[in-house]
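*Asks:* Predicted model follows, preceded by the sequence.
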Amino acid sequence: MKLYEFVQFHLEEKLIRVIKEAEKELFIATPYIKDYGIGIILNNVRTMNLKILTNLDLANISSSGFDIESLSKLWTKFNVSIASLGKLHAKAYIADDKVAFLTSANLTHGGLRENYEYGVVFRDRDIVSIMLNDINKYFNLGNVFNRETIEDIKSEVEDIRELRQRIEKNIGLKNLNRLLKQKKDNLQTKILRNRIKGKTINSIFAETIKYLLEKEGALSTKELHPFIQNIHPDICDDTVDRVIDGQHFGKKWKHLVRDAQQSLKKKRLIYLKEKKWHLAS
């Protein structure tokens with residue numbers, strides 16, 4: 001058996017073969033998901049456990065490149081865990097810890113059947129385990145969505161899309177634009193409220209700091225900031241100051257990073273040496 005295989009075309013056929021091999025859990029990472037791709041999962045995955053890392057930020061789910069309504073179908077057949085990472089670009093399909101398909105293709109008709117994509121299938125268990133561990137770390141940094149929340153924001157997305165269509169036809173343009181902005185603000189609030197369900201901004205930043213120090217080595221606060229903002233653009237938005245359930249999202253994020261650093265320091269999980277933060281051994 002080959003330990004790796006390059007895939008230049010017929011990606012859908014190869015993907016189906018890979019996902020059928022999952023016996024315990026299938027882990028999918030892809031920023032764009034369409035109903036066509038969900039159909040492939042429903043018709044071919046044999047395990048009951050499905051884990052998905054995607055991008056459920058406002059811009060993504062309200063665009064034509066994402067069918068958020070299709071995610072609801074997964075709960076009819078699988079035990080599903082879904083997390084969102086705002087700047088996710090990776091596309092990986094991992095069956096248990098034995099085979100992984102790393103590719104440029106999203107879980108869409110275009111990615112799997114139309115576009116010129118590329119991929120590599122790995123069967124080296126050591127490599128697959130490393131990939132699975134890395135993607136799981138991404139998952140743990142993300143915003144976890146349950147079925148109820150997906151159903152809730154799905155209806156909001158449908159309203160936003162309908163308003164956009166009416167605006168394109170110039171029907172009551174001024175009032176509709178005001179309503180669209182209100183709908184977007186409401187949806188963004190729901191997404192951010194879900195971000196802190198059972199968590200705090202402090203705990204999110206603390207876990208992120210530990211992840212970055214483990215991955216990058218010792219970092220100063222100034223060096224940490226761009227990494228953290230890149231991972232959590234929804235929390236670290238310099239253009240707004242939004243308070244939801246007593247938690248701050250936006251301009252004050254650097255102060256909250258400092259608070260998380262101090263919390264970790266008090267717990268002796270990190271320490272400052274020569275102006276750089278280190279993980280405690």
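*Replies:* Great, that's in hand.

*Asks:* Which residue ranges of the stretch 1-150 of the chain form helices?
*Replies:* Taking DSSP state H, counting those that start in this stretch, the helices of the stretch 1-150 of the chain run over residues 11-19, 35-44, 58-61, 68-71, 109, 125-141, 147-168.

*Asks:* of all those helices, which lies closest to Ser81?
*Replies:* Among the helices of the stretch 1-150 of the chain, helix 125-141 comes nearest to Ser81, with 7.9 Å by CB to CB. Glycine gets a C-beta too; all of them are placed from N, C-alpha and C.

*Asks:* Just list what the closest one packs against, helices and strands only.
*Replies:* In terms of contacts (3 or more CB pairs under 8 Å, 6 or more residues apart in numbering; DSSP states H and E), helix 125-141 is packed against strand 26-29, strand 49-54, strand 79-84, strand 92-95, strand 99-103, helix 201-216.

*Asks:* which outside residues touch it?
*Replies:* Residues outside helix 125-141 that contact it (CB atoms under 8 Å, 6 or more residues apart in numbering) are 3, 27, 29, 51, 53, 81, 83, 85, 88, 90, 92, 94, 97-100, 102, 122, 207-208, 211, 231-232.

*Asks:* ok, now which ones touch the residue nearest to Ile153 when sequence neighbours are not counted?
*Replies:* Of all residues beyond its chain neighbours, the one nearest Ile153 is Lys190 (5.6 Å), with distances taken as CB to CB, 6 or more residues apart in numbering. By CB under 8 Å, 6+ apart, the contact set of Lys190 is 149, 152-153, 156.

*Asks:* before we move on, back to that, what's the closest of the helices and strands packed on helix 125-141 to Gln182?
*Replies:* Using CB to CB, the nearest of these to Gln182 is strand 79-84, at 22.6 Å.

*Asks:* For the stretch 151-281 of the chain, which segments are assigned as strands?
*Replies:* 241-244, 247-250, 270-273, 276-279 (DSSP state E, counting those that start in this stretch).

*Asks:* ok, the residue lying closest to Leu264 once chain neighbours are set aside - how many residues close by?
*Replies:* Among residues not flanking Leu264 along the chain, Ile270 sits closest, at 4.5 Å (CB to CB, 6+ apart). Ile270 has 21 neighbours, counted by other CB atoms under 10 Å.

*Asks:* Nearest residue to His225 in space, please, no chain neighbours.
*Replies:* Nearest one to His225, counting by CB to CB, 6+ apart, is Lys254 at 6.3 Å.

*Asks:* count of neighbours near Arg193?
*Replies:* Neighbour count for Arg193, taken as other CB under 10 Å: 14.

*Asks:* got it, and Gln247?
*Replies:* Neighbours of Gln247 using other CB under 10 Å come to 18.

*Asks:* Quick check: the gap between it and Lys199.
*Replies:* Gln247 is 9 Å from Lys199, where distance means CB to CB, to the nearest Å.

*Asks:* ditto for Ser64
*Replies:* Going from Ser64 to Lys199 by CB to CB gives 31 Å.

*Asks:* For stretch 89-96, buried residues please.
*Replies:* Buried positions in stretch 89-96, judged by neighbour count with 16 or more other CB atoms under 10 Å: 91-96.

*Asks:* cool, and stretch 196-210?
*Replies:* Burial within stretch 196-210, assessed by neighbour count using 16+ other CB under 10 Å, is assigned to 196, 200-202, 204-210.

*Asks:* ditto for stretch 13-31
*Replies:* 14-16, 18-19, 22, 25-31.

*Asks:* All set, thanks.
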